[in-house]
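Q: Whatever this is, show me its structure:
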Amino acid sequence: MAGRRSPVTDIREIVRRLQLGEPDRRIARDLGVGRNTVARYREWADKHALLELATRCLSQRPWSRYFPPPRRTTPPTNSRWSNRSASV
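A: Model prediction:
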C-alpha cells in the first residue's frame, strides 16, 4: 500500500512500541505497516526525544505537542426508545 496515510492511533502505537524496545520488524508485522515506515517514525521520534521519554514518567503532555487529543463522540440517542421508558 504505497502512499497510505497512517492514522494517529497507528503512529502512537508505533512510537509506544519503540519506547518499549520492540524490534522494527515485529512492529511492522503486527501493525501491518512497512519496515521503512517504522524506521521513519523511529527517526522522527528520536529527533523529538520521544524515545528518551520511555525512561521518564510518560504523560499525555509530550504527545499533545504533536497530536491533538482524540475526539469524544457520544452515541446517538433514539428518541423512540428513550421516551418509552418514561411512559411505562
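
Q: the helices in the protein, which residues?
A: Remark: helices assigned in the chain by DSSP state H are 8-20, 24-31, 35-47, 60-64, 79-87.

Q: correct me, but Glu13 touches Val33?
A: No. The criterion here is Cβ atoms under 8 Å, and Glu13 misses it with Val33 at 9.7 Å. Any C-beta I mention is one placed from the backbone N, CA and C, and that applies to glycine too.

Q: ok, the two, which is more surrounded?
A: Between Glu13 and Val33, counted using other Cβ atoms under 10 Å, Val33 has the larger neighbour count: 20 against 16.

Q: how close does that one sit to Glu52?
A: Distance of Val33 to Glu52, computed by Cβ to Cβ, to the nearest Å: 23 Å.

Q: cool, and Arg26?
A: With distances taken as Cβ to Cβ, Arg26 is found 21 Å from Glu52.

Q: ok so, going back, with mean pLDDT added, can I get the helices of the chain in CSV?
A: As requested, these are exported to CSV (pLDDT from 0 to 100):
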stretch, mean pLDDT
helix 8-20, 88
helix 24-31, 95
helix 35-47, 94
helix 60-64, 59
helix 79-87, 57
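
Q: what about Ala49, neighbour count?
A: 10.

Q: Now do the contacts for it.
A: If a contact means Cβ atoms under 8 Å, 6 or more residues apart in numbering, then Ala49 has no contacts.

Q: next one: phi and psi at it?
A: phi 60, psi 30 (degrees, to the nearest 10).

Q: Got the confidence number for it?
A: With respect to pLDDT, Ala49 scores 86.
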